[in-house]
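J.: got a sequence here, can you model it:
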Amino acid sequence: MGDDQVAFVMTCDAEDYDLIRKVIAEHADEVQASPRRQLDGASAVSWVLVAAIAVQKAPALIHAIGDFLTRNSVREIKVGKVSITNPQPEDVTRILDMLEQSKKDDE
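T.: Numbering: from 1, shown residues only. Take a look at the predicted model:
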């Protein structure tokens, strides 16, 4: 199971994009990103980051982004089958529990 990977998708504010991308990159081989622009297309208001991370690294990544949840700069997190819109710091435990349950269901 050490090579199993899970899809990680996060939507975050443009202001925190660089920092969040660095945190994710510490846990993933590659991070892809695309901007979400205003209706007039002028500037990016948020970013969508996508990465494949090893299942065993997922909990460390979730903990690492916990600080950004207190800033309300993360709009959505998807880890495998788990998806939370407007996540809060208290959701970290819930995400980890759901991820653990998802791993058990896949076994």
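J.: C-alpha from now on. contacts and neighbour counts both.
T.: Fine.
J.: dump the strand or helix carrying Ala52 to CSV, keeping only the CA atoms.
T.: Using DSSP states H and E, Ala52 falls within strand 44-54. What follows is strand 44-54, C-alpha atoms only, in CSV (Å, rounded to 0.1, in the frame of the first residue of the first chain):
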residue,chain,number,x,y,z
ALA,A,44,-7.3,35.5,-10.6
VAL,A,45,-9.5,35.6,-7.5
SER,A,46,-8.6,32.0,-6.5
TRP,A,47,-6.5,29.1,-7.5
VAL,A,48,-7.3,25.4,-7.9
LEU,A,49,-4.4,23.2,-7.0
VAL,A,50,-4.3,19.5,-7.9
ALA,A,51,-1.8,16.9,-6.8
ALA,A,52,-1.5,13.2,-6.4
ILE,A,53,-0.1,12.4,-3.0
ALA,A,54,1.0,9.1,-1.4
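J.: that strand pairs with which strands, and in what direction?
T.: Using DSSP bridges, strand 44-54 pairs in its sheet with strand 5-13 (antiparallel), strand 28-37 (antiparallel).
J.: list the buried ones in the first one?
T.: Think strand 5-13. Gln5, Val6, Ala7, Phe8, Val9, Met10, Thr11, Cys12, Asp13 (16 or more other C-alpha atoms under 10 Å).
J.: in a markdown table: those, plus distance to Glu30.
T.: Below are these laid out as a markdown table (distance: C-alpha to C-alpha, whole Å):
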| residue | distance to Glu30 |
| --- | --- |
| Gln5 | 12 |
| Val6 | 13 |
| Ala7 | 12 |
| Phe8 | 11 |
| Val9 | 12 |
| Met10 | 14 |
| Thr11 | 16 |
| Cys12 | 17 |
| Asp13 | 20 |
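J.: export those residues to JSON lines and tack on distance to Asp91 and pLDDT?
T.: JSON lines is the format used below for the buried residues of strand 5-13 (distance: C-alpha to C-alpha, whole Å; pLDDT from 0 to 100):
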{"residue": "Gln5", "distance to Asp91": "21", "pLDDT": "86"}
{"residue": "Val6", "distance to Asp91": "18", "pLDDT": "86"}
{"residue": "Ala7", "distance to Asp91": "18", "pLDDT": "90"}
{"residue": "Phe8", "distance to Asp91": "16", "pLDDT": "92"}
{"residue": "Val9", "distance to Asp91": "16", "pLDDT": "93"}
{"residue": "Met10", "distance to Asp91": "14", "pLDDT": "93"}
{"residue": "Thr11", "distance to Asp91": "16", "pLDDT": "93"}
{"residue": "Cys12", "distance to Asp91": "16", "pLDDT": "92"}
{"residue": "Asp13", "distance to Asp91": "18", "pLDDT": "90"}
